[in-house]
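Peer 1: Structure, please.
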Amino acid sequence: MDLRTRTALATALAATLALGTAGCLGGTESDAGRGGRNPATTGSGTVIGGTPQKGGTLTVLSNQDFTHLDPARNWVMGDMDFGTRLLYRTLVTYKAEPGTKGGELTPDLAEDLGVSSNGAMTWTFRLKAGLRYEDGSPITAQDVKYNVERSFSPDLPGGPDYAARYLAGAEGYRGPAQGKHLDSVKTPDDRTIVFELRKPFAEFPHATVLPTFAPVPQAHDTGSQYDSRPFSSGPYKIETYDRGKQLTLVRNAHWEPATDGVRKAYPDKVVVMMGLRANQIDDRLIAASGADASAVSWGKLRPESTPKVLTKADVRARLLSESSNCTEMVQMHTGRAPFDNVKVRQAVQYALDRQAILTASGGPALGDIATAIMPGSIFGGTQPDTLGIPATGDTGKAKQLLEEAGRAEGFATSLTVSNGDKGVAEAVQQSLGRIGIKVTIETVDPSAFYDTIGDTKSRTDLVYTGWCPDYLSGSTFLPFVFDGRYIKEKGNSGNHSLFRDEATMQRMDQIAAMTDTGQADRAWQELDGQILAQAPTAPVVIERMPLLLGTNIAGAFGHTSFGGQIDYATVGLKDPTGRGR
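Peer 2: Numbers count the residues shown, from 1 in each chain. Just a heads-up that it's a prediction; the model follows:
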């Protein structure tokens, strides 16, 4: 998207915001928002459409396939939401509530939130009675242990690595092949599982929300093919899955609602239609005609569609736009020249026009400019501004830093983005072009994006990606993005700057051991600024997740703990027949 187009879009968005927020400075209610909020966020913290009726088909319109549905590999927010709410259950899960209550834990497969002993180095969970898979066979503690062990397999890269970080004796373990098992995960009986950790971890129950702690029966494990057919322990099972085209879920007759206080399973069927153009999805949901009235969007509303939504009250009323708690950033390959030079990396930080990047992301209604690495929502407040760089950048300072690095003439490099972020990439390209850095943009299909940038040998110097905390703690942000001890050659997640700094890693361990939450929060934010000064990354936007709903959708809200994605545990239809819309 060139500068003229971006400017035109910014003007349209500014006009939309002016229209929607007139009179809000006094804090009065208006057609557009409550208490002066952006018109895009009027539905924040609320459920749209009332209580669904049971039955009918919910359609999900998507421009992509899932990255992974195998619970050992599933570590993308939307995929985790879809997998853990519909296909498989975990030891503990999040409450199905809008707003801050969605961050609260509730037992899922387990009877409680776990019992700690040995100074929070041992955690014991007892499974509920009567849990069954889609074929009626019982779910056992051994099945949970088996999936935890699968997550170590080099053939199944890309998944959450909490088990590798915290389980005792996990160093060098490579999965359950050849009958090798982790002694630190014990199953004294079919309903009891015990985790022995190598260091205290008071937040361990939060980790058991992740798909790693879902059950996989060994008899149904198909290795890398399990991605296409996970065996269901949730309310739905896979009927058909044509990769890149369509996934159809139908009810799992052996799921017992009495054991599940979270999932409502309103629709009879869930159909995910893939490979659609993003702007086509937006237009179909704006019109919401026919079957599209019972549809929701998988991906974010496109920036160019925003004015069409925010200027129409009836359409705007169907927009979810919760904060994703995710920071989008330009991560630089710190192990490869010229980005092994901190001055070059700092030049990128100063050169970026974050205002233009925000505009390309959808404008101020759908995001905020980032002034730190971690979102302020983790700490219940705003972000600090450690570097004090103007939102539009400081090209003079950036050029000075390049000169100090011996790169005054600039250089050529490449940036990888998901193909939905082409406009963002062009804003980055133009920003860096102002100081002589010539950027070639490489776009990748969203379903292959993380595998592509996770290959540390073949990836580009720059990647545009984000990180969302798995729960609201600095311990689930900075260590996953900047701890060099967990970089993998393939399937590398989080640390896409390949940042390795001994002092930083030691400080992470010290903060993680703090028992005073307030002290730890302050220490994480201080470390945020210290890392930012070393410039492995340039944070640019705290994104929202704008998702448009059809007119027949009910029970919908953006779940803050799943990056603002629709909570598939509660969504359904107002009228399952489709006749009463």
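Peer 1: give me the number of residues near the residue nearest to A96 when sequence neighbours are not counted?
Peer 2: Nearest in space to A96, with sequence neighbours left out and distances taken as CB to CB, 6 or more residues apart in numbering, is A569 at 4.3 Å. (Each C-beta comes from the backbone N, C-alpha and C, glycine too.) By other CB atoms under 10 Å, 25 other residues sit near A569.
Peer 1: what's the helix or strand for A569?
Peer 2: Here A569 sits in a region with no helix or strand, counting by DSSP states H and E.
Peer 1: so it touches K264, yeah?
Peer 2: Yes - using CB atoms under 8 Å, A569 is in contact with K264, at 6.3 Å.
Peer 1: quick one: common contacting residues for the two?
Peer 2: Residues touching both A569 and K264 (CB atoms under 8 Å, 6 or more residues apart in numbering): A96.
Peer 1: okay, the nearest residue to Q218 once chain neighbours are set aside: pLDDT?
Peer 2: Nearest non-adjacent residue to Q218, counting by CB to CB, 6+ apart: Y146, 5.2 Å away. Per-residue pLDDT puts Y146 at 98.
Peer 1: hang on, Y146 in a strand?
Peer 2: No - counting by DSSP: H, G, I helix; E, B strand; the rest coil, Y146 falls outside a strand, being helix.
Peer 1: what about it, how many neighbours?
Peer 2: 21.
Peer 1: With the one 3 residues further on instead?
Peer 2: Taking other CB under 10 Å as the neighbour definition, E149 ends up with a count of 25.
Peer 1: Show me where the stretch 301-450 of the chain has its helices.
Peer 2: All helices of the stretch 301-450 of the chain, identified by DSSP state H, counting those that start in this stretch, fall at 306-310, 313-316, 342-351, 354-361, 395-404, 422-433, 446-453.
Peer 1: Which of these sits closest to M505?
Peer 2: helix 342-351 (17.3 Å; CB to CB).
Peer 1: Now for the residue most central in space within the chain: which residues touch it?
Peer 2: In the chain, the centroid-proximal residue (CA atoms, centre = their mean) is M77; its distance is 3.1 Å. Going by CB under 8 Å, 6+ apart, M77 touches 324, 326, 468, 562-563, 565.
Peer 1: What distance do you get for the residue nearest to A96 to L285?
Peer 2: Here A569 is placed at a distance of 21 Å from L285 (CB to CB, to the nearest Å).
Peer 1: from the middle of its chain, how far away would stretch 459-471 be?
Peer 2: Distance of stretch 459-471 from its chain centroid, counting by CA atoms, centre = their mean, to the nearest Å, is 10 Å.
Peer 1: can you pull the buried residues of that stretch?
Peer 2: For stretch 459-471, the neighbour count (16 or more other CB atoms under 10 Å) marks 459-471 as buried.
Peer 1: do the same with stretch 386-406
Peer 2: 386-387, 389, 393-394, 397-402, 405.
Peer 1: can you put these in a markdown table and add pLDDT and distance to P364?
Peer 2: Rendered in a markdown table, the data for the buried residues of stretch 386-406 read as follows (pLDDT from 0 to 100; distance: CB to CB, whole Å):
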| residue | pLDDT | distance to P364 |
| --- | --- | --- |
| T386 | 86 | 22 |
| L387 | 92 | 21 |
| I389 | 97 | 18 |
| G393 | 98 | 17 |
| D394 | 98 | 21 |
| K397 | 98 | 25 |
| A398 | 98 | 24 |
| K399 | 98 | 28 |
| Q400 | 98 | 30 |
| L401 | 98 | 28 |
| L402 | 98 | 30 |
| A405 | 98 | 33 |
